[in-house]
Structure formats: structure tokens, C-alpha cells
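1. Give me coordinates for this.
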Amino acid sequence: MNRRDFFVSSLAATIAASLAGSRALAAAAPVASDIKAVTGGGADVVLGKSAVEELRRSLRGALLLPGEPGYDDARRVLNASIDKHPALVVQPSGTADVRTAVSFARQHGLLLAVKCGGHSFGGKSTCDGGLQIDLSRFRGVRVDPRSRIAYVAGGSLLGELDHEAMALGMVTTAGTVSHTGVGGLTLGGGFGRLARRFGLALDNVLGVDIVTADGKLLHASAEENPDLFWGVRGGGGNFGVVTAFEFQVHPMARQVIGGDLTFPISRARELLNFYAEYAATAPDDLYVDAGMAAPPGGRDGFFEIGICYSGPPGDAERELAPLRKLGTPLSDTIGPMDYVALQRSSDVRDVRNIGTYLKSGFLDDFPAALPAAVVDGFRADPARFTAIFFQQSGGAIGRVAKDATAFPHRSSRFNMLSAARWDVARDGTPHIAYGREYWARLEKYTNGYYTNEVANEPQRQVDENYQGNIERLTALKNKYDPTNLFRLNANVKPTV
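-> Next up, the predicted model:
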């Protein structure tokens, strides 16, 4: 489906404004008074005026307080129904500032949030009353074509990685929306149009620089701090703030076959059955997604199949032939296209204030009963954008042992997502209720969920979702973050 409708927010339009506003702070106003804040445990705390002024002086980047220029842009996240107000926001210009911010949060016991692209639908990258580290001023990508390594600053967006790598005929797996943050996507997994061919984004990580809860800067790789290297690849933000990534990049032709076929929603059950069969036999260099959506306002819904074929051009016609036998579509955009353009095609350009309720679950197979459950429970609403979407996995993703990284969901063949979206000026309660009711019909077919897309689950469910890796993750949490400073994530709770 058109993911500009599926992933709607004001983020893409505000990134530039955020940067401009922050850099316009030629001389920040003096701190006027003590600041009320909250600890990680939820207790009230007062930050003395002098301590906050000292923090501001120690930073090369910006410290933003409520009411100051740039603060509102920094605190906002993709899901406009999340409206939180940190007590203070640090916008680091480099690793030194990250270390300073983490140390300040630890010393004062503050609730701490870390924002890269702001795509956490549960709002984990912002907070009420705590300290938010906004990495939007900490970006940059350099690609070495000889070593085939991309060096990526911690606040970078996926589009920057795609742009720099593809300019040299190189790629790595980098999601499907170019304004997503590299850090959040990679640490939780990192699906994308090339994951079946090259593995998840985290499978392509060669090393990271990370600021841990004690304020130290560590390097983690297969040779150095290998336990931490294992944990960050799937353990999300539980262990610190990654300030630099090293990615393996791979040669690939810039031109791929991409685009979508759109059909009437009345064919959804038939097309879901086709999709399950077609995707099951697809080669690694063919990525296929599918879904259906009903826009608000009573407009007709649609079913869409999207592809990215990056294999040998001479094989494209054979691999895509089954799609051409589906009958005349409402629209057909499949054809040769620039890979970077395809990666940007899902970007959000709608600046309305839209709230989203999202659920996600992995499918190890595509049960025969699933298409009927998907179609029968789907309800359009004039005041809501309603969607369900299937993202293909398998291929190279599944050829990695489930305990080789902290990410355990290697048996997944699909990621199923349902979304309800509404104007935040209106009551979202009925739309959230629908989302929960619909997912209750579908959850029994799933085996765990993608932590990058689901938040605020009960702790028991979070632990179970790490499957056999939870004990090892808990031991790492005890070692690197025993006070649970980094808790706004798919949290691994320390036991010490």
C-alpha cells in the first residue's frame, strides 16, 4: 500500500525546521530558576539552577528548556498522539556531548529518553519530565569503497546512508522509509527491501561506539567487548547510546525493478492467498509486501502488492510473471527505477496531526485460516485510516542462528502489522478500541513481535519476546546498566 498513507506524521516536514531552530540559538537565555523533573522511577526531583547552567556551559551542542526556540520540534515524535514534555532536551553535536548528557542523567537519577528519527510509535524517544537526548544534530555518513564499510554517526537517518553508499555502487539493508533513524532501526532488528538478500541491518553491523550508563565510551565488535556487541544487535537501546556504527556494504546495481500493483479491496481474500503462495517461493533478491487499506472519508479501500527486485535483470520477467496474471489492476507502477528513489517513495509528506495505533506480530507461516480472519475483521471508518500490512522476511534473515545475535525471530516469514490512524483533534478512543479488537483476532497466528513497532507491552510479554535470549540479555543489563537508566525501550530489567 501507499506507505505515505500508512506512516503519516509531521516529522519529515519538521526535521529541517528543528535543525534551523536549534542552530539559531546564538545565545541561549540564562536559566531562570530551578527545574522540576522526574526520576526513572517516577519520583519528583528538582534540578538546581546552577547545575542546569553548568550542563549548558559544558555542551558544544544545544540545551533546550520548555518555551525556548527549538524545544517543541525536538520533543515531537512521529506519532502525533504522543505529546510529552521533557524537563530538558540535549542536542549533542558529538560523542562528548552524549557522554555529558548521560552522566548528568545518571547523577540526578533522571528519566532518560533517546531520540534519533522519532519513529517509536509508543513514544519511547520522548518523555514527560525527564531528559531527552535528541540526536538530530549528530549526523554524517562516510563510505570506504575499498573496505566496503560505511561509517555512520549515531543520529543519522537511513536516507543519508542510502544516498552515500549508492553513490559508490554500494548498499546495505536500510528500512523502507528514508527519514527513519539508523540507530532505532538497527538496534532492534532492521528489516528492509534488501534484508532477504543481505540480512537485517543488524546482521551487517561490524562494530559500534556506545556510551554506556556510566558515561564511558566503549567500542563493541566481534573482537572487542563481544558480549556487548551481541547484545546491541537486537537488544535495542537497553545498553547505551550508540554514537557510531560500522556497516558492511555490498555492491549492487543502482537500478532495480520496483513499484506497486493496486486492486479493488473486494479481491483481498483471493490476493492474500496468492501473496502467501508467491512470497513463499520468491528468491532472496525479490522482496514482496502486501496489504489493504481504507482511507477516511468513505473513499473506496484498496489492496496493494509492492515489490523490489534487485537480482539479475534477465531474470526479472520470469520472477514477476505471476503478478502479470492477476488481471487488470487499478494502477501499476512496477518498472525499472532508481533504488534510492524507491527507498524515498514511502516517505511521509503529510503534515497533518495524525495519531496512530499500531500492532505487529511475526508469522512463521501463513495459515490457511489467516486470510479470512484478516478480511472478516477489517472495518473501515469514515473518520479513520484503517490498514493491515504484510512485510516479507525469510531468505538471508532466516539463515542466522536465533542466538547468534540478541534478535531471536529468525524463523519469521512475514511481519504482520495493523494500524488505525486518526486526526488527533478528535477523540481517538474508538479507533484504539478497534485496533485492539482487530488484533485480538489475529494475534493467535503470530510468534512474537517486532520491538521497533510495538511498545508498552506487559513486562512478561517483553521478556518472552526475547525468547531464549532473555537470560543472556539480563546478565548484560546487570553488567552495563544495573540501575536501568536506559529503560524507555523494549526493556530488559536488571536483577541486581
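2. would you list every one of the strands in the stretch 351-496 of the chain?
-> The residue ranges that make up the strands of the stretch 351-496 of the chain, judged by DSSP state E, counting those that start in this stretch, are 354-363, 385-392, 414-423.
3. err, the stretch 151-300 of the chain, not the other one
-> Assigned by DSSP E, counting those that start in this stretch, the strands in the stretch 151-300 of the chain fall at 170-171, 205-211, 217-221, 241-248, 250-251, 255-264, 286-294.
4. now for these, which one comes closest to Arg472?
-> strand 217-221 (14.8 Å; CB to CB). In short, each C-beta sits where N, CA and C put it, glycine included.
5. what pairs with the closest one, and is each one parallel or antiparallel?
-> Strand 217-221 has its sheet partners listed here by DSSP bridges as strand 205-211 (antiparallel).
6. Surely Gly428 and Tyr357 touch.
-> Yes: with contacts defined as CB atoms under 8 Å, Gly428 counts as touching Tyr357 at a distance of 7.3 Å.
7. Now for Val45, how many residues are close by?
-> As a burial measure, Val45 scores 16 neighbours (other CB atoms under 10 Å).
8. er, Asp427 actually
-> For Asp427, the count of nearby residues is 11 (other CB under 10 Å).
9. what ranges of this structure fall below the confidence cut-off?
-> Regions of the chain meeting the criterion pLDDT under 70 cover residues 1-28, 349-352.
10. Quick check: can you list the domain ranges of it?
-> When the chain is parsed with automatic domain parsing, its domains come out as 7-137, 141-252, 255-445.
11. out of the strands of the stretch 351-496 of the chain, nearest to Val256?
-> Go through these one by one with CB to CB and the one that ends up closest to Val256 is strand 385-392, at 15.3 Å.
12. Which of the strands of the stretch 151-300 of the chain sits closest to Ser103?
-> Shortest separation from Ser103 across the strands of the stretch 151-300 of the chain is recorded for strand 205-211, at 9.0 Å, computed as CB to CB.
13. Pull the distance from that closest one to the chain's centre.
-> Taking CA atoms, centre = their mean, to the nearest Å, one finds the center of strand 205-211 at 18 Å from the center of the full chain.
14. Then stretch 446-461?
-> Distance of stretch 446-461 from the chain centroid (CA atoms, centre = their mean) equals 14 Å.
15. Ok, stretch 404-423 next?
-> Between the centre of stretch 404-423 and the centre of its chain there are 11 Å (CA atoms, centre = their mean).
16. among the domains of the chain, which is the most enclosed?
-> domain 141-252 (a mean of 22; mean count of other CB atoms under 10 Å).
17. Any idea how far apart the tips of it sit?
-> The first and final residues of domain 141-252 sit 18 Å from each other (CA to CA, to the nearest Å).
18. Repeat that for stretch 418-430.
-> The first and final residues of stretch 418-430 sit 15 Å from each other (CA to CA).
19. Can you show me the helices along the stretch 151-300 of the chain?
-> Counting by DSSP state H, counting those that start in this stretch, the stretch 151-300 of the chain has helices at residues 158-166, 182-188, 195-198, 226-232, 268-280.
20. how far away is the most centrally placed residue in the chain from Val211?
-> Here the mean C-alpha position of the chain is nearest to the C-alpha of Leu185 (CA atoms, centre = their mean), at a distance of 4.2 Å. Leu185 is 19 Å from Val211, where distance means CB to CB, to the nearest Å.
21. Spatially nearest residue to Thr39 (excluding sequence neighbours)?
-> By the measure of CB to CB, 6 or more residues apart in numbering, the closest residue to Thr39 outside its immediate chain neighbours is Gly109, 4.3 Å from it.
22. what's the spacing between that neighbour and Thr483?
-> From Gly109 across to Thr483, the span is 8 Å (CB to CB).
23. Give the residues shared as contacts by those two.
-> Between them, Gly109 and Thr483 share these contacting residues under CB atoms under 8 Å, 6 or more residues apart in numbering: Gly40.
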